[in-house]
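Chemist: Take a look and give me a structure for this.
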Amino acid sequence: MKISISTTVNAPIETVWNAWTAPEHITSWNFASDEWQCPTATNDLRVGGTFSSRMEAKDGSMGFDFEGTYTQVDRHKLIAYKLADDRIVRIEFHTDGNSTKVTEHFDTEDTHTAEQQRDGWQAILDNFKSYTESL
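Modeler: As a prediction, this is how the structure comes out:
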């Protein structure tokens, strides 16, 4: 099953792209709630390049690595990758002056319900929007 989520960020594409792809920015927004954090992130943004970000509860009770390999990169337009568990993710960036719509399409996994996954990914995307608009 594939899920799609989106948000419109009130920032130009250059700012949005940099916040999405630069590890020093990723660690500031890549978590779904204030109880979580992203202490580390690496990113080799090119076809065949890999990325990894560590997501963990601030109380240390749980955490996981989110990692994959890029299959497509079209600067300021599209990023696609395959996760370590073989799921496919596609992120589209559509710019309209000083705003940028970010849409993510992702394959679901079997551990959580589709609703839980949609809500979790949307919370991270909303956190990205808030962070990026504050830059």
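Chemist: for residue 100, what are its contacts?
Modeler: When contacts are counted by C-beta atoms under 8 Å, 6 or more residues apart in numbering, residue 100 touches 8-9, 11-13, 16, 93-94. No exception for glycine: its C-beta is placed from N, CA and C like everyone else's.
Chemist: And residue 102, by the same measure?
Modeler: Per C-beta under 8 Å, 6+ apart, neighbours of residue 102: 6-9, 16, 20, 91-93, 125, 128-129.
Chemist: Can you verify it is assigned to a strand?
Modeler: Yes. Per DSSP: H, G, I helix; E, B strand; the rest coil, residue 102 lies within a strand segment.
Chemist: Return the members of the contacts of residue 100 classed as buried.
Modeler: 9, 11, 13, 16, 93 (16 or more other C-beta atoms under 10 Å).
Chemist: Please list the residues outside whichever helix or strand the last one is part of that contact it.
Modeler: Assignment of secondary structure by DSSP states H and E places residue 93 within strand 88-96. With C-beta under 8 Å, 6+ apart as the contact definition, strand 88-96 has outside contacts at 12-13, 16-17, 20, 68, 71-72, 76-83, 100-107.
Chemist: just stretch 4-21 next, same as before
Modeler: With contact meaning C-beta under 8 Å, 6+ apart, stretch 4-21 is reached by 25-26, 29, 43, 45, 75-76, 79, 91, 93, 95, 97-105, 118, 121-122, 125-126, 128-129, 131-133, 135.
Chemist: how distant is that stretch from the center of its chain?
Modeler: 10 Å (C-alpha atoms, centre = their mean, to the nearest Å).
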